[in-house]
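[1] build me a model from this:
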Amino acid sequence: MSAIPILPGFHPDPSICRVGDTYYLATSSFEYAPGVPLFSSRDLLRWEQIGNVLDRPSQLNVRPGLASASSGVYAPTLRHHAGRFWLATTNIADIRLGHLLVHAEDSAGPWSEPVYTAGTIGVDPDLAWDDDGTCLLTWSDPFGGVAQAVLLPSTGRLGSEPRPLWAGSGLAHPEGPHLFRRDGWWYLVVAEGGTGRGHGVSVARARSATGPFEGHPTNPVFSHRSTGDPVQNTGHADLVELRDGSWAVVHLGVRPRGSFPQYHVNGRETFLAGVDWVDGWPVVVEDRFEVPEAVTAFVDDFSGDRLHPRWISPGVQPQQFAAVRPGGGIQLAAGRPVSAREAERLLAVRARDEEWTVEVTVTEGDVALTVRIDDAHWVAVERCGGALAVRMAVGPLDQVLATATDVSPDRPLVVRAVAAQDRRGRRSGPDRLELGWVDEEGVHVLAGVDGRYLSTEVAGGFTGRVIGVEALGGPAVLTRFEYRTS
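    Reported below is the predicted structural model:
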């Protein structure tokens, strides 16, 4: 398979559908708002973010704080049926309500207010329609295996009692089910083995959408477990039929680096592969597509009338604290106090490359430029007046690593991820994070830290790094944010 993701950075659990010549893809977002980023493409290779499905507080219940880390929105399913887009997902904060279901006539929105599928405790819901128009809801049951029920999608009400559908192939954690049909067969594609190194894709099939399902004799049909492939944790797949009748699959994976046990820092990313059909079963063809490097660099001076959909925040919708100012710039409402550890109003973007630089200009107020996995794993360069401090939190530890005084408040702040210097196999992280400021002489690195401490292997959870700006103690004005590859 290509080692290049079609959606680099924290974009896990992809779900895809095609409408005419256009493909649409949604991914999970966990505690970040807005929820469920949505992309479109005409060629499966180059993707543009066209919005976020859950883009207002009435649709998405998420909360800031360490207790909410990797909570929120789990794996979605995106489908198009009878002229309407449908999306089902699970918000862990509201899991007792059932799965969350929204719809829209236009993929760009607005998306409806959610309804909930009461009586369907579990995660990773899937939507499929039978020949007679019956909608089937299929999901991962917390007691093991995959469950199914008839669904009335406009209301969220069930039209049948939930029942077991398939127990999986015998590997751990059958989840992420997707149900579709081809040539008289219904196929059930699931993730198994957990979303770590044992992750894989298993398939079962039946003549009816309600089963009984027979597993592929050599499940899992796709996995990189126990290999030296640069992409690991491959799984959670969704299939799509192309206009010419061929098939493709999108799936998540990670790119670990550094010395043993290796570390991935940008989260689970979305990859693409081809699919052939052999004896009525899907076979993943990993080198079918030549995936180009995604264009990830951008400069935002906030001169438009609204935030680009790339902007996210843990536990709160950005529009609740970040206001575009006439003539450019963003007015940030006061965030956490300087002494606090947990982000309250962090305006952030996903880290998307192995090496990158972020440079920000803040013309008013005290701020932190932060690289974050969660509220117990972050590093920031904090500016209070003319004083700078690089501060890092790792678990219970919270330490100022370096300080500088008499730095002009109009100097841009900078943080960059650079390749680890140790190339000879000694103990090293996946990269090094360097933080400081910029003036006419260039970048002044105030402190640097081993990137492994901001990795999933250390922090745990299901997300990846984000880079953001938060006003400290009072309001601030952000006028420029540049993300560039380096």
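[2] how is this structure divided into domains?
    For the chain, the structural domains run 15-285, 298-485, going by the TED database.
[3] what's the average pLDDT for the shortest one?
    It stands for domain 298-485. Mean pLDDT, domain 298-485: 95.
[4] how about the first one?
    Regarding domain 15-285, the rounded mean pLDDT is 97.
[5] next, count neighbours for residue 274.
    By the measure other C-beta atoms under 10 Å, the count of residues near residue 274 is 18. Any C-beta I mention is one placed from the backbone N, CA and C, and that applies to glycine too.
[6] same for the host helix or strand of it, what does it pack against?
    If you go by DSSP states H and E, residue 274 is part of strand 269-278. Counting contacts by 3 or more C-beta pairs under 8 Å, 6 or more residues apart in numbering; DSSP states H and E, strand 269-278 packs against strand 247-254, strand 281-285.
[7] name the residues that touch it?
    1-2, 5-12, 14, 25, 27, 44-45, 182, 222, 231, 234, 239, 246-255, 282-289, 291 (C-beta atoms under 8 Å, 6 or more residues apart in numbering).
[8] could you redo the last one with a cut-off of 7 Å?
    With contacts defined as C-beta atoms under 7 Å, 6 or more residues apart in numbering, strand 269-278 is touched by 1-2, 5-9, 11, 14, 27, 44, 231, 239, 247-254, 282-286, 288-289, 291.
[9] in that strand, which residues are buried?
    Neighbour-count burial for strand 269-278 flags 269-275 (criterion: 16 or more other C-beta atoms under 10 Å).
[10] before we move on, what about stretch 471-486?
    Residues 471-473, 476-483 are the ones in stretch 471-486 that count as buried (16+ other C-beta under 10 Å).
[11] please name the residues that touch residue 92.
    Residues counted as contacts of residue 92 (C-beta under 7 Å, 6+ apart) are 71-72, 74.
[12] from these, list just the buried residues.
    By neighbour count, with 16+ other C-beta under 10 Å, the contacts of residue 92 hold 71-72, 74 as buried.
[13] among the residues you listed, which are in helices?
    If you go by DSSP state H, the buried ones among the contacts of residue 92 have nothing in helices.
[14] how far away from the center of its chain is stretch 76-94?
    The chain centroid and the centroid of stretch 76-94 are separated by 16 Å under C-alpha atoms, centre = their mean, to the nearest Å.
[15] can you check stretch 474-486 too?
    Its chain's C-alpha centre and that of stretch 474-486 lie 22 Å apart, by C-alpha atoms, centre = their mean.
[16] same thing with stretch 288-296?
    The chain centroid and the centroid of stretch 288-296 are separated by 18 Å under C-alpha atoms, centre = their mean.
[17] endpoint to endpoint, it covers what distance?
    Stretch 288-296 has an end-to-end distance of 23 Å (criterion: C-alpha to C-alpha, to the nearest Å).
[18] what residues of that stretch count as buried?
    Quick answer for stretch 288-296 (16+ other C-beta under 10 Å): 288-289, 291, 294, 296.
[19] again, but for stretch 319-330
    For stretch 319-330, the neighbour count (16+ other C-beta under 10 Å) marks 319, 321-322, 324, 329-330 as buried.
[20] pull out the buried positions in stretch 414-434.
    Using 16+ other C-beta under 10 Å as the test for burial, stretch 414-434 gives 414-418, 420, 428-434.
[21] for residue 68, give me phi and psi.
    The phi/psi pair for residue 68 (degrees, to the nearest 10) reads phi -100, psi 0.
[22] please list all residues in contact with it.
    Contact analysis of residue 68 by C-beta under 7 Å, 6+ apart lists 31, 62, 315.
[23] still on that earlier bit, with respect to residue 204, which of the contacts of residue 92 is nearest?
    Ranked by distance to residue 204 (C-beta to C-beta), these are led by residue 74 at 21.8 Å.
[24] from residue 348, how far out is that closest one?
    Distance of residue 74 to residue 348, given as C-beta to C-beta, to the nearest Å: 20 Å.
[25] likewise residue 451?
    In this structure, residue 451 and residue 348 are 17 Å apart, going by C-beta to C-beta.
[26] burial count for residue 170?
    Residues contacting residue 170 under the criterion other C-beta under 10 Å number 10.
[27] residue 38: which element?
    strand 35-41.
[28] related to what we said a few turns ago, out of the contacts of residue 68, who's nearest residue 460?
    Closest to residue 460 out of the contacts of residue 68 is residue 31 (13.5 Å), distances taken as C-beta to C-beta.
[29] which ones are touching the residue nearest to the closest one when sequence neighbours are not counted?
    Nearest residue to residue 31, sequence neighbours excluded (C-beta to C-beta, 6 or more residues apart in numbering): residue 72, at 4.1 Å. Neighbouring residues of residue 72 by C-beta under 7 Å, 6+ apart: 29-31, 35, 62, 91-93.
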